[in-house]
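Novice: Need coordinates for the following:
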Amino acid sequence: MVERADIEAKARQIEQTLVDTKESVQEKAVVVAIVVVVVIALTFLLGRRRGQRGSAIVEVYEVYKS
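Specialist: Model (predicted):
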């Protein structure tokens, strides 16, 4: 026969498993978010550097015909 204590013990076990899983997922989500921000920042900075290095100065002269 299943007693109330057995059900409560199993419920506590399930609750603890859920809490552990939640904490694990949150830790992984934080790490993934940090990696994504770093990759975006590096891409932005490298793109700026490449854009500045490859930019040419263009001078426009107007020639008037008299």
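Novice: starting at the chain centroid, how far to the one helix or strand residue 42 maps to?
Specialist: Following DSSP states H and E, one finds residue 42 within helix 4-53. How far helix 4-53 lies from its chain's middle: 9 Å, per Cα atoms, centre = their mean, to the nearest Å.
Novice: average pLDDT across it?
Specialist: Averaging pLDDT along helix 4-53 yields 92.
Novice: what's that helix packed up against?
Specialist: Applying 3 or more Cβ pairs under 8 Å, 6 or more residues apart in numbering; DSSP states H and E, one finds that helix 4-53 contacts no other helix or strand. Bear in mind the C-beta positions are built from the backbone N, C-alpha and C, glycine included.
Novice: From residue 64, how far out is residue 16?
Specialist: According to Cβ to Cβ, to the nearest Å, residue 16 and residue 64 sit 86 Å apart.
Novice: Comparing the two, which residue is more hemmed in?
Specialist: residue 16 (10 against 4; other Cβ atoms under 10 Å).
Novice: Contact partners for the more buried one?
Specialist: Contacts of residue 16 were listed using Cβ atoms under 8 Å, 6 or more residues apart in numbering, and none were found.
Novice: Please tell me how far it sits from residue 5.
Specialist: Taking Cβ to Cβ as the criterion, residue 16 is separated from residue 5 by 16 Å.
Novice: go on, residue 62?
Specialist: From residue 62 to residue 5 the distance is 94 Å (Cβ to Cβ).
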